[in-house]
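S.K.: Any chance you could fold what I've pasted below:
(chains A, B and C)
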Amino acid sequence: MITDQADEDLMVLYQKGEVRAFEVLLSRHRRPVYNFILRFVGDKETAEDLLQEAFMRVIKGAEAYKRQAKFTTWLYTIARNLCVDQTRRRKHRKHASLDAPMDSSEESGTLMDVIPGNEMASDRKSVNKQLHETMQLAIAALSEEQREVFLMREFLDMPFKQIADVVGVPENTVKSRMRYALEKLRLELDEYKDLAKAAP
Amino acid sequence: MTSAGDDDRDDDAQLRQLRAVWVSMRDEEPSDRGLAALMAAAREKASELEHAAQPSWWQRVLASLRRPPVLALATVTVLLGGALIITQRRADMKADATATSETSADSNVVERSDRERAESVPGAQRAGAGSTAAAAGSAAPTAGPGAAPPAPAPVEPTLAKPTAEVTAVVTEKEPRRDPKATPKLKAPTTGSTPTAQPEFAVRPDDDAPAPAPAGAGEAGPRGGMAGSSPSLAIAQDEAPVLSDSVTSDPGTATRPKPKKPIARSAPPPIEGEDRQTTKDESAQVGGNTQPTLDQLVTQCAAAAARGDCAAVRVLAQRILTRSPAVYKSRVAPDAAIKRCLPSTAPNSMQ
Amino acid sequence: MPELPEVETVRRTLTPAIGARITSVWDSGMGLHMARKPPRAALRKLVGTRITAVRRIGKYLLVDTDGDLSLLVHLGMTGRLRLHKVGDPRANHTHVVFGLGDRELRFSDPRRFGQIDVVTRSAERAHPALAVLGPDALTEGVDPVALHARARGKKAMLKAFVLDQSVVAGVGNIYASEALWRAQLRPTTRAHKLTVESARRLALAITEVFDHALSHGGTSLRDFVDADGAEGENADYLSVYDRAGEPCPRCQTAIRRSVLQGRATYYCPTCQRP
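M.R.: Down below sits the predicted model:
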């Protein structure tokens, strides 16, 4: 079954003109790539645009793809480069402020509202939602270099070596950035550690 | 996925707790915005890729030529070889054409020479000429005296009275030769070394030729020129030799004895036609095309089969002159022909 | 994506079609899987035959007829094979419809990654789709000795090894994660490191997760429904799949989520040691 084939084999099939192979690749990777981009750039509309562009580049560069190369490395290199270009183009970098409103809905408050001791939703899903939003802001507060490494490591479970290939720096540099990212998150979320403990 | 060596995430309890939070963060589903355009682009590209994967025939040929140098070299070699073969064949065909036209002109000279010879060598030659004339007469009844020398007809291996030297084989138009200019035809002069002897010089130990078949092309004109000696037709090719050998070097028996008639072989039947009678064949002489190499080879083989070594030698010489390749591939290997050829330098004649 | 338990569930719910005569066949004209066109001529050969059995080999369904022909179906990622009453509105993306008198057997597939074909029953294993299949995990069971032997020398990760249909037919992404968790084996462990004992645990785990899933009608995450259109309930009973961040049922460690070959993989980093 074509759906059981490895990414690399699917690319080879696509190089021979089999569009269905590309469809399988798209169905596999569209969601995770989107979420990587979304967590990197921070807004949905931009993330969707960049997602589209990333796969367009895969299509355009299909001929040049080499079977030996890991497909995800290539794909995330494209996605990551688009994200970096995008954030540099921004006129005003959005700083993640823990006091800033979490979203634009009327019901949203500030992060302070989720600190233990305040009235907060007691059911699991609600708590998780707040935690997740907090976490998203903390991640957004990381530097680009730390953020990209952190996202690839923690959300895509990429080995450090592969991250190094995507980012284009030595593996030790990647590990170093990861350590700094974790430290910064720890500090940012330290006062909310009780909240994290309370998460079911 | 991370390997065991990368997994340092379990050490810190606080970190484990935080990790539990972000690991549980759900992925969001992207909207379908742009999906249709993306798939359209993918299909278009797939079509291009499919065509690119199947190049056109000339592109494939070009690609194969461009690839390993050995292949390219082989291709070039084949092409060049083919061009050479075609060129060679064209040259052969031109040579045939020239030889045929010249042979008919030469035949006049031959006939005159024959007449002279007949006059100078009474008796045997006259008898030979007479017999030749008789044969020619029977072969070409329609060619009366005074008839213009017809174009030579192909030789046919029919029974022929051994009254004349091989002349029937001289049915091709050969390029006009200056005997002096052609070393191989040049007779060894007095004191010349044996190595100067032409390869196909007639030797005294040659077998007696079979009776010359009637109906040879040359017989026509010969017949028309009563009294001319067919032997002198061959002699023309080797005229200097014969004459010289007769006059200057009687010790060198390089010519068939005049008394031994050389069989005349009738021209081979033309495909699709019934075997011609000598009468009919001679009638065809005037209008026939020049004998081809194939025909000469056939004549040569026929002459060898009936033991007419003189004819074999003359024919073999002609084949060699026209096409050394044909000589090497078809004449030299023939055992019967080989018996008639001298043992020295069988494959070439300088 | 329907795996063995889901396909088996569909098979069981298709048994009411046994005995029905195929009176007509219609197709949408759209090819499935990698085919440009449907196998119309082959499908038409089934018209006039009577359904005698519904079988399953791995993730493939086989609808046998009274001739020597069988309908071969693979649901792909989004395929459905359902019995309908004549007159029921046709769902979008319906690609093949077999008339069965007062009912219809309809195959629909939005993504068109499923497969439909006709095979000669006496030579069905020669069909390219079936030729590569290993022993069926349910009907033939999983032999631990054979599993261990197959794993010898294999550099692929255990998850990929288990997903290989020539090793065990019927395991998909969901149950690979589930079985490996149950066997306490890390998905990224290389297959050649599988010991006799761990092969035994894995063989048992595969059988157990399938039995468990079947008892709940299969797992419906997005598209799966049985032949009657009912969703499976096994999703609520999964231990690790799609439960990233949740505590492991065994050791309470947060379940990790990873991506292998573009497919989500879930595991417990504590009790699934490498």
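S.K.: make it CA atoms for all contacts and neighbour counts henceforth
M.R.: Noted.
S.K.: who are the neighbours in contact with the residue in the stretch 151-274 of chain C that chain B sits nearest to?
M.R.: Of all residues in the stretch 151-274 of chain C, C:Gly245 sits closest to chain B, at 3.9 Å by C-alpha to the nearest C-alpha. Counting by C-alpha atoms under 8 Å, 6 or more residues apart in numbering or on different chains, C:Gly245 makes contact with B:19-25, C:254-257.
S.K.: One more: B:Asp334?
M.R.: B:Ala301.
S.K.: go with 10 Å
M.R.: B:300-301, B:304, B:328 (C-alpha atoms under 10 Å, 6 or more residues apart in numbering or on different chains).
S.K.: again, but for A:Asn35
M.R.: A:41-42, A:44, A:47-48, A:51, A:151, A:155-156, B:26-30.
S.K.: now the host helix or strand of it, how far from the centre of its chain.
M.R.: Per DSSP states H and E, A:Asn35 falls inside helix A:19-41. Mean-position distance between helix A:19-41 and its chain equals 12 Å (C-alpha atoms, centre = their mean, to the nearest Å).
S.K.: What residues of it count as buried?
M.R.: For helix A:19-41, the neighbour count (16 or more other C-alpha atoms under 10 Å in any protein chain shown) marks A:19-26, A:28-41 as buried.
S.K.: same question, stretch A:60-69
M.R.: A:62-63, A:65.
S.K.: For stretch B:19-36, list every residue counted as buried.
M.R.: Going by neighbour count (16+ other C-alpha under 10 Å), the buried part of stretch B:19-36 is B:19-25, B:30.
S.K.: now do stretch B:312-326
M.R.: Buried, per 16+ other C-alpha under 10 Å, within stretch B:312-326: B:312-324, B:326.
S.K.: residue ranges of the helices in the stretch 151-274 of chain C, please?
M.R.: For the stretch 151-274 of chain C, the helices defined by DSSP state H, counting those that start in this stretch cover C:158-163, C:173-182, C:196-215.
S.K.: same question, chain A
M.R.: A:7-15, A:19-41, A:44-60, A:71-89, A:124-140, A:144-154, A:160-167, A:171-188, A:193-198 (DSSP state H).
S.K.: Show me how chain A divides into domains.
M.R.: A:1-94, A:95-200 (automatic domain parsing).
S.K.: Same list, the ones you listed, but as a markdown table with distance to C:Val54 please.
M.R.: Shown next, in a markdown table, are these (distance: least, C-alpha to C-alpha, whole Å):
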| stretch | distance to C:Val54 |
| --- | --- |
| domain A:1-94 | 21 |
| domain A:95-200 | 41 |
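S.K.: could I get those as JSON lines with mean pLDDT?
M.R.: Output for the domains of chain A, formatted as JSON lines (pLDDT from 0 to 100):
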{"stretch": "domain A:1-94", "mean pLDDT": "91"}
{"stretch": "domain A:95-200", "mean pLDDT": "74"}
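S.K.: With respect to C:Thr189, which of the ones you listed lies nearest?
M.R.: Nearest to C:Thr189 among these is domain A:95-200; the distance by C-alpha to C-alpha comes to 14.3 Å.
S.K.: what's near enough to touch the residue nearest in space to the middle of chain A?
M.R.: Geometric centre of chain A, nearest residue: A:Phe36, 2.2 Å, by C-alpha atoms, centre = their mean. Neighbouring residues of A:Phe36 by C-alpha under 10 Å, 6+ apart: A:42, A:47, A:51, A:76, A:79-80, A:83, A:148, A:151-152, A:155-156, B:27.
S.K.: And A:Ser143, by the same measure?
M.R.: A:177, A:180-181, A:184.
S.K.: Return the set of buried residues in the helix or strand where B:Ala302 lies.
M.R.: Counting by DSSP H and E, the element that carries B:Ala302 is helix B:293-306. Residues of helix B:293-306 classed as buried by neighbour count (16+ other C-alpha under 10 Å): B:293, B:295-306.
S.K.: Just the CA trace of that helix, in CSV.
M.R.: C-alpha atoms of helix B:293-306 as CSV (Å, rounded to 0.1, in the frame of the first residue of the first chain):
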residue,chain,number,x,y,z
LEU,B,293,32.2,-9.1,-58.8
ASP,B,294,29.8,-11.9,-57.9
GLN,B,295,29.8,-12.9,-61.5
LEU,B,296,33.5,-12.8,-61.7
VAL,B,297,33.8,-14.9,-58.6
THR,B,298,31.3,-17.4,-60.0
GLN,B,299,33.3,-17.5,-63.3
CYS,B,300,36.5,-18.1,-61.4
ALA,B,301,35.0,-20.9,-59.4
ALA,B,302,33.6,-22.5,-62.5
ALA,B,303,36.9,-22.3,-64.2
ALA,B,304,38.6,-23.9,-61.2
ALA,B,305,36.0,-26.6,-61.2
ARG,B,306,36.8,-27.5,-64.8
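S.K.: which secondary structure elements does that helix contact?
M.R.: Applying 3 or more C-alpha pairs under 10 Å, 6 or more residues apart in numbering or on different chains; DSSP states H and E, we find helix B:293-306 packed against helix B:69-120, helix B:309-322, helix B:324-326, helix B:335-340.
S.K.: Run the angle between it and helix B:309-322 for me.
M.R.: 160 degrees (axes from the mean of the first three to the mean of the last three C-alpha atoms, to 10 degrees).
S.K.: For C:Asp117, give its distance to chain B.
M.R.: 25 Å (C-alpha to the nearest C-alpha, to the nearest Å).
S.K.: How about A:Glu144?
M.R.: For A:Glu144, the distance to chain B - C-alpha to the nearest C-alpha - is 18 Å.
S.K.: Could you do C:Gly141 as well?
M.R.: The value you get for C:Gly141 to chain B, if C-alpha to the nearest C-alpha is used, is 30 Å.
S.K.: what's the burial count for that residue?
M.R.: Applying other C-alpha atoms under 10 Å in any protein chain shown, we find 15 residues neighbouring C:Gly141.
S.K.: Show the pLDDT at it.
M.R.: Predicted confidence (pLDDT) for C:Gly141: 89.
S.K.: what sits against it?
M.R.: C:135, C:168-169, C:203-204, C:206-207.
S.K.: which residues touch residue 68?
M.R.: In the absence of a named chain, chain A is used. A:Glu8.
S.K.: other chain: chain C
M.R.: Counted by C-alpha under 10 Å, 6+ apart, C:Asp68 has contacts C:46, C:49, C:119-124.
S.K.: can you tell me the residue of the stretch 51-200 of chain B closest to chain C?
M.R.: For the stretch 51-200 of chain B, C-alpha to the nearest C-alpha, closest residue to chain C: B:His51, 16.5 Å.
S.K.: correct me, but that residue touches A:Glu18?
M.R.: No. At 11.4 Å, B:His51 does not count as touching A:Glu18 under the criterion of C-alpha atoms under 10 Å.
S.K.: Looking at the two, which has the bigger crowd around it?
M.R.: A:Glu18 (21 against 13).
S.K.: Excluding chain neighbours, what is closest to the more buried one?
M.R.: B:Ala46 (6.2 Å; C-alpha to C-alpha, 6 or more residues apart in numbering or on different chains).
S.K.: With distance to C:Cys271 as added columns, please give the helices of chain A in a markdown table.
M.R.: Shown next, in a markdown table, are those (distance: least, C-alpha to C-alpha, whole Å):
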| stretch | distance to C:Cys271 |
| --- | --- |
| helix A:7-15 | 29 |
| helix A:19-41 | 26 |
| helix A:44-60 | 36 |
| helix A:71-89 | 28 |
| helix A:124-140 | 24 |
| helix A:144-154 | 19 |
| helix A:160-167 | 23 |
| helix A:171-188 | 24 |
| helix A:193-198 | 21 |
